[in-house]
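>>> coordinates only, sequence not included:
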């Protein structure tokens, strides 16, 4: 099977191809990005116990399944028919369902305690309108969680954005904060950072690890072990310094 197609899917579940539009589990070379996204889903799930949750742009569905471990109800919504069908067939448990729909229009006012929108706002043409729509979907006391990559750590130095063709705009911390505050009265901004062995790897790179593994000709075997070994414990969320964050996670109410 192609290295960029999901492996070992359950019987009857069509594998998805890795296109760069969304991350996927079950693709060994994609494990870093998958765990980076999953760490945020797990953090939100710990704060959504018993809630009615809407996971917008849920993609493959793995995040919705994580949220459903603690939430009372989770609806995963995606506009891609292949991703929707895959999620519907793969992730089946009480309280979890998947629907096809658009992030700009899906849902009834006041229907959810939590709206989740991760790593997607950089894809949409009118992000302010999308956030206002999410605000309308919240019940009193509800929270919307929105994440996006930090342009300063994703794009080359000085570039307006990375070369990801699916991203229409990428944000600095102050720009993303202003966007969220245009739709919500209360916004708390956190950053996602490396921890554990990824933090150790960052330090090793500053000390010349790239030259060392290339000189020893161990690049392929090392990263063949290292990348699949990355877990959600190798990421952490904290409030500062946001300039150096990998991703921003906004708590909006």
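Alright, I've got the coordinates. These figures come from a predicted structure and were not determined experimentally. Residues are numbered from 1 along each chain as shown.
>>> what's next to the longest strand anywhere in the chain, contact-wise?
Counting residues, the longest strand found in the chain (DSSP state E) is strand 138-149. Outside strand 138-149, the residues within contact range by C-beta atoms under 8 Å, 6 or more residues apart in numbering are 40, 44, 52, 110-119, 121-122, 131, 134-135, 162, 167, 170-171, 176, 180, 184, 192, 246-253. In short, each C-beta sits where N, CA and C put it, glycine included.
>>> report the buried members of the residues you listed.
Among the contacts of strand 138-149, those classed as buried by 16 or more other C-beta atoms under 10 Å are 40, 44, 52, 112-119, 121-122, 131, 134-135, 167, 170-171, 176, 180, 184, 192, 246-252.
>>> what ranges do the strands span in the stretch 51-200 of the chain?
Listed from the start of the chain, the stretch 51-200 of the chain has strands (DSSP state E, counting those that start in this stretch) covering 52-56, 73-78, 96-100, 112-118, 138-149, 187-194.
>>> quick check: what element follows the lowest-mean-pLDDT helix or strand in the chain along the chain?
Among the helical and strand segments of the chain, the one scoring lowest on mean pLDDT, DSSP states H and E is helix 209-216, with a mean of 91. Past helix 209-216, further along toward the C-terminus, the next helix or strand under DSSP states H and E is helix 219-229.
>>> returning to what we had before: how about the least confident helix or strand of the chain: buried residues?
When burial is assessed from 16+ other C-beta under 10 Å, helix 209-216 yields the following buried residues: residue 213.
>>> same deal with stretch 129-146?
Neighbour-count burial for stretch 129-146, counted by 16+ other C-beta under 10 Å, picks out 130, 131, 133, 134, 135, 137, 138, 142, 143, 144, 145, 146.
>>> what is the mean pLDDT for that stretch?
Average pLDDT, stretch 129-146: 98.
>>> how far does it stretch from start to finish?
When the termini of stretch 129-146 are compared using C-alpha to C-alpha, to the nearest Å, they are 14 Å apart.
>>> cool, and stretch 46-54?
One end of stretch 46-54 to the other measures 15 Å (C-alpha to C-alpha).
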